[in-house]
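J.: this is a predicted model, with the sequence first.
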Amino acid sequence: MLKILNFIKSRIRKYLLEEIWLEDYKKLGMKIGKNCKIQAGVTFDYSFCWLIKIGNNVTIAPEAFILAHDASTMKELHYTKVGSITIEDNVFIGARALIMPGVTIGKNSIVAAGSIVTKSVPENSIVAGNPAKVISTTNEYLEKNKKLFKQSSVYDYSYKGDATNLKKEKMFGELENKVGYLLARK
């Protein structure tokens, strides 16, 4: 019964936070491509959302901020800075990243969690920090992870309910002070 209630809650949450919520932004002019995964708690600049364009196959992790305006000039200039934001195809934006006005995130790029992006990101790049700087290419990152994958614990169950308590305890023990890999489920 608990599994059914959790499933119903997740469907309601998905409906309320993704479909209706994103539809409101689209009605105001924000463009969102196909096959995007936008997690709960992402904040889009509601006041200027028509200046935001998101490509296909984009993932935005929880609590990221996408801001198309910056009111820091308001007091002295009596004007607010505004700028478009373009997130191109196949981009991953980590949790609590902040994307500022006038920025384009190039195709196949990764914005690390907690980064503050104030300048455009070249295609196939990984950026991190405050302000965000290029730290690697996506190809270098994937090669590094392919090597790490061969030496790491790998799991074929997900966080969506098919991990038993025994599997959870085993995973915790195996991953103390290191990372492993989890099979992606759709």
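T.: Done, it's in.
J.: tell me how far stretch 140-154 lies from the chain's centre.
T.: Remark: stretch 140-154 is offset 21 Å from the chain centroid, using C-alpha atoms, centre = their mean, to the nearest Å.
J.: for stretch 179-186, that is, sorry about that
T.: Distance, centroid of stretch 179-186 to centroid of chain: 16 Å (C-alpha atoms, centre = their mean).
J.: begin at 546, not 1, for the rest of this chat.
T.: Sure thing, new numbering starts at 546, so read that last one as stretch 724-731.
J.: pull it out as PDB, backbone CA atoms only.
T.: What follows is stretch 724-731, C-alpha atoms only, in PDB (Å, rounded to 0.1, in the frame of the first residue of the first chain):
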ATOM      1  CA  VAL A 724      31.900   6.800  -5.700                       C
ATOM      2  CA  GLY A 725      30.300   4.000  -7.700                       C
ATOM      3  CA  TYR A 726      27.900   3.900 -10.700                       C
ATOM      4  CA  LEU A 727      24.200   3.200 -10.900                       C
ATOM      5  CA  LEU A 728      22.400   1.900 -13.900                       C
ATOM      6  CA  ALA A 729      20.300   4.600 -15.500                       C
ATOM      7  CA  ARG A 730      16.600   3.900 -15.600                       C
ATOM      8  CA  LYS A 731      14.100   5.700 -17.700                       C
END
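J.: worst-scoring helix or strand of the protein, pLDDT-wise?
T.: helix 547-559 (a mean of 61; mean pLDDT, DSSP states H and E).
J.: that one: what's the following helix or strand?
T.: Next along the chain after helix 547-559, taking DSSP states H and E as the criterion, comes helix 566-572.
J.: and that following helix, what does it pack onto?
T.: Packed against helix 566-572, as judged by 3 or more C-beta pairs under 8 Å, 6 or more residues apart in numbering; DSSP states H and E, are the following elements: strand 576-577. Every C-beta, even on glycine, is put in place using the N, C-alpha and C of the backbone.
J.: let's see 10 Å
T.: Judged by 3 or more C-beta pairs under 10 Å, 6 or more residues apart in numbering; DSSP states H and E, the packing partners of helix 566-572 are strand 576-577, strand 582-583, strand 588-589, strand 597-599.
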